[in-house]
Structures are given as structure tokens and as C-alpha cells.
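Q: the sequence and its predicted three-dimensional model are supplied below.
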Amino acid sequence: MFKRGIVVILFLWSAVLQAQELPPRGQFLADSLKIGEPVPYTLGYRYDATRDVIFPDSLFNFEPFELDHKEYFPTQTRNGISYDSAVYYLSYFELDTFQIYSLPVFEIINGDSTRLIPQADTIFLKQVVTEVPDSLAVEAMPLIENTDYIQVPFAFNYPYAIIGLIIFVIVMVLVIVFFGKSIRNAWKVFWLKRRHHKFMEKYNRLTQEKSDDFRKQAEKIIIMWKKYLQQLEEFPYTSLTTKELVRDHPDTHLGNALHSIDAAMYNPRETGLDEASFLTLRDYAVNRFERKVKELNND
């Protein structure tokens, strides 16, 4: 009878143990960690498939750790028993030498959650810096004074340069399309004025010179005058005789001045130049210049 009673008691105790739910199981997969380096923490739970169980997500407070990332595994169910598991990669930024940690599982019952806490696991901090001084004297710091100028290489911004070049080309094309003719005419007027100014200086200087060979002096003046007008009007002045010039340019004052100069150059009885004739040629050149400028400005 006594032995039979012991057997019955042992059978009932075994049935009670089997009926009890085992708590979740959580543990670190490493014995130690370094500051800032993630360490894996596994969490698993076997439970009745009719129960509603959830694991911590990224919104959970993992203090004193911080969640780096996590891995979930699909629920496995067999014979009415489900098994969930996950791996959490936790980072640590404190200076405590060890931490005792336990990550809970939550069961939802009638809209409320109940914490199911596994047995705590311990992990140790691996010290890299063994001693952190409170302060460091300036004299002990390895500082080297150097006030020399250091040339920093210039980093050329190619994208901005290309964009700027494209904008510049577009603007220049628009300017040429809308204002090209006016710009070209203004440029021509600018160079005409420069050449006219040089011509006037040289012409006045040459006509005012005192020369023993007045015939040679007159020839130089006529040649310079013809070259200037030929460049100004693109007309072959240098290849035309006085008679041809008078015929193509019927100006009484111009004809008289040219004939007077020819008489002085080729008549052996002439002893000097008529300055009024050279003034007439100068005034004619000024008149043709002003006429050309006016044409360009009105074009």
C-alpha cells in the first residue's frame, strides 16, 4: 500500500509539472561586448497556439541598450503548440562593467498585455581604455606650434562651371540674335574713330612740316589721304587719277584742290604748295568720315 501511494503521488506531481507553461528563454550569444558594437540577444517562447503572444518591436524601450537591428523568424506550430523566436542586435554605450538583462514577451488577454519575463542573462563590458584621466595638463599634451601658411588645393567645381558655361553660351546667342547688328555697327564705329583720329594727327603733322622738297611732301600727303579714304569707303582711291576722282566724285572744291596740288607737283614754275588745297582735302576726309558714322548708327 505504501509503495502504491508513492507511485500515485509521483504520477500526479509529474502531471502538474507538464501542465505548467515554461517561461520565455532569452540570452546573449556572447559573454562580453565593446562599447558601440552590436551584440546578438536571442529570445524564444513555446506556448499554446490558442494564446496571443507578441515580441518586442523597434518601438520598445531596450534600456540600457539601444536596438541596432533585429531578425524575426516565422512561427512554428505543431500539435497545438507554437514556437516564436527572434534575434535582437543590441548596442551598449555605458561604462558599467556588466549588465544583467532580460527582454520580456507580451501576452494579450482581453485587450491587456501581460509581461512574460525570461530568466536574466549577464554580459560583461570589454574594457579597451583601462584608465580615463579627469584632466590633462597643457604642458603634457604633445602640441607643436606651427603658424606657417599651408596651401590648400583648390577644388574646382566642374558641375557649376559647366552649368555657368551653358548659361553664358545661351545668353551670348540671345544677345547676338537680338542685338548682333547693333553691336557689330557699334564696334565698327569704334574702330573708325580710332583710325580717323590717327589719320588726322598724321595728316596735320605732315602738312605743317617745312620741307625743301615740297613736291615730295605733296606726294606723301596725297598718298596718305587716298589710302585713308579707300579704307574708309572701300573705294579704289589709290588707283585713280585726279581726273577719274573728279569724275566719280563731282565736288567743285575737291576738284579745284586736286588740280592745284597737281599743278604744284608737276609744273616746274611752281615754287611752293597751296595750304588751302590741303585743308580742303582734310575737310573732305572729315565729311566722308562723319557720313560713314551716321550710316552705321542709323542702320
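A: Thanks, I have it.
Q: without its sequence neighbours, what residue ends up closest to residue 227?
A: Spatial nearest neighbour of residue 227, excluding adjacent residues (C-beta to C-beta, 6 or more residues apart in numbering): residue 238 at 6.1 Å. In short, each C-beta sits where N, CA and C put it, glycine included.
Q: wait, residue 55
A: Nearest one to residue 55, counting by C-beta to C-beta, 6+ apart, is residue 86 at 5.2 Å.
Q: which residue ranges form the strands in the stretch 101-250 of the chain?
A: 105-109, 112-116, 121-125 (DSSP state E, counting those that start in this stretch).
Q: quick one: contacts of the second one?
A: Spelled out, that is strand 112-116. 23-24, 45, 53-54, 104-108 (C-beta atoms under 8 Å, 6 or more residues apart in numbering).
Q: if we go to 7 Å?
A: 23-24, 45, 104-107 (C-beta atoms under 7 Å, 6 or more residues apart in numbering).
Q: and the two most separated of those residues?
A: Within the contacts of strand 112-116, 23 and 106 form the most distant pair, 13.1 Å apart (C-beta to C-beta).
Q: now residue 120: how far from residue 112?
A: Distance of residue 120 to residue 112, given as C-beta to C-beta, to the nearest Å: 24 Å.
Q: I meant residue 243, not that one.
A: 126 Å.
Q: these two: which is more packed in?
A: residue 243 (12 against 8; other C-beta atoms under 10 Å).
Q: got the confidence number for that one?
A: pLDDT, residue 243: 85.
Q: same question, residue 199
A: Reading off the model, residue 199 has pLDDT 92.
Q: ok, for residue 223, nearest residue in space, not its chain neighbours?
A: For residue 223, the spatially nearest residue (C-beta to C-beta, 6+ apart) is residue 238, at 7.3 Å.
Q: isn't the one you found right next to residue 226, touching?
A: Yes - counting by C-beta atoms under 7 Å, residue 226 is a contact partner of residue 238 at 4.7 Å.
Q: brilliant, that's me finished.
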